[in-house]
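[1] Turn this into a structure:
(one chain, ligands or ions: 2)
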Amino acid sequence: MSLLDRFLQKDEVALSRLISYVENQAPDYRKILSSLYSRTGKAYRVGITGPPGAGKSTLVDKLSCDLIQNGNEVGIIAVDPSSPFTGGALLGDRIRMQDLTTKKGIFIRSMATRGSLGGLAFATKEVSLLLDAFGKDFILIETVGVGQIELDIVDACDTTLVVFVPESGDSIQAMKAGLMEIADIFVVNKADREGANRIVSELDMILDVRRKKGEWNYPVVSTEAVNNKGIDDLLKKIKEHRKYITENHLLEKHRKEQIKSELKKIMELKLKELIEKNLNDANLDQLAEKVYSGQEDPYSAGEKILENLNL
Ligand SMILES: Nc1nc2c(ncn2[C@@H]2O[C@H](COP(=O)(O)OP(=O)(O)OP(=O)(O)O)[C@@H](O)[C@H]2O)c(=O)[nH]1
Ligand SMILES: [Mg+2]
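    Ligands and ions are numbered 1, 2, ... in the order given. Now for the predicted structure:
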């Protein structure tokens with residue numbers, strides 16, 4: 001049986017293998033995604049981001065358990081842009097989520113920078129397509145930190161949670177990093193610690209400016225992930241947000257925007273490949289020689305090459 005057939009029969013080993021194909025951009029990986037594309041669009045993607053150690057993995061763990069108990073299948077992608085390879089820095093996550101891997105209906109994958117063409121955010125999208133095609137109802141994407149890559153990743157999600165902790169300064173830092181703008185739901189985790197109420201009211205104060213009657217109200221939810229407290233409330237808010245963006249056609253609009261940027265990216269990558277294929281070192285040397293000796297200028301030389309590419 002082919003890998004694809006096994007994938008279609010819900011074989012998780014085949015899923016893992018296909019994810020590696022896609023991550024490594026193995027030959028024909030596009031054909032695989034293309035043949036599976038019609039099976040996608042059903043999964044709901046939830047992004048979870050926030051400062052290191054805020055309790056994101058613990059939240060993902062508890063949310064997943066609740067979701068599978070309600071009959072959903074869950075895919076988890078843990079992304080760490082700061083790690084040069086998959087595994088190392090995420091080992092902690094893996095250990096913490098270990099009991100999850102044995103639960104039926106939950107699949108976990110870690111991803112890290114591998115210099116993949118198109119970048120980590122794009123690779124994450126492609127992996128989530130696979131999970132979607134596999135039949136996952138929810139895809140939870142955890143990213144640590146506040147850089148541009150993380151923002152791009154959660155921006156591609158349908159609902160984004162930003163996790164805060166009672167330690168002071170977090171909210172202000174997050175605002176600087178643009179986290180406030182991308183969050184749909186604000187989570188104050190470690191509510192068992194002192195200062196939790198203060199940060200909730202601080203957030204509420206900032207958000208009141210943005211809250212408009214009849215529109216999404218940017219809720220702040222307190223949780224104690226380790227003690228499984230507040231998780232049902234959080235899940236309720238996620239579902240409310242889903243309902244809100246669906247009914248107001250915002251989900252549709254957002255997904256179309258995502259498709260546009262994917263299309264551009266796919267074409268960019270294809271062009272890059274074509275250029276590399278058609279322009280070997282010898283050609284380049286020759287051209288450089290011509291430009292250097294004044295026979296040609298680089299602008300017209302570049303145009304000519306592009307015209308001759310078989311697009
Ligand atoms: N006191 C308290 N500790 C918690 C709570 N939730 C999680 N923790 C602890 O906080 C630590 C970090 O939790 P993680 O879930 O790994 O946090 P994370 O945000 O995924 O961490 P990174 O992925 O490394 O950024 C762990 O020791 C958790 O047990 C909570 O509600 N209260
Ligand atoms: Mg984590």
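[2] domains in the chain, as residue ranges please.
    Using automatic domain parsing, the domain parsing of the chain gives 41-248, 264-308.
[3] Can you lay out those as TSV showing distance to ligand 1?
    From N, CA and C alone the C-beta is placed, and that goes for glycine too. Formatted as TSV, the domains of the chain follow (distance: least, Cβ to the nearest ligand atom, whole Å):
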stretch	distance to ligand 1
domain 41-248	3
domain 264-308	27
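[4] residue in this structure nearest to ligand 2?
    residue 57 (3.3 Å; Cβ to the ion).
[5] SS state for that residue?
    On the three-state scheme (DSSP: H, G, I helix; E, B strand; the rest coil), residue 57 is labelled helix.
[6] Could you tell me how many residues sit around it?
    23 (other Cβ atoms under 10 Å).
[7] pLDDT value on it, please?
    Per-residue pLDDT puts residue 57 at 91.
[8] Just to check, it is in contact with residue 78?
    Yes - Residue 57 sits in contact with residue 78 when judged by Cβ atoms under 8 Å, with a separation of 7.0 Å.
[9] and residue 294, how far is that from residue 216?
    From residue 294 across to residue 216, the span is 61 Å (Cβ to Cβ, to the nearest Å).
[10] So for these two, which residue has more residues nearby?
    Applying other Cβ under 10 Å to residue 294 and residue 216 shows that residue 216 carries more neighbours, namely 16 against 7.
[11] I'd say that one and residue 244 touch.
    Yes - contact criterion Cβ under 8 Å: residue 216 and residue 244 qualify, at 5.4 Å.
[12] Doesn't residue 75 belong to a strand?
    Yes - with three-state DSSP as the criterion, residue 75 is part of a strand.
[13] confidence score at it?
    Model confidence at residue 75, given as pLDDT, is 96.
[14] which residues touch it?
    Residue 75 sits next to 43, 106-109, 128, 131-132, 134, 136, 138-140 when contact means Cβ atoms under 8 Å, 6 or more residues apart in numbering.
[15] Inside helices: which ones of these?
    In helices, judged by DSSP state H, the following of those are found: 128, 131, 132, 134.
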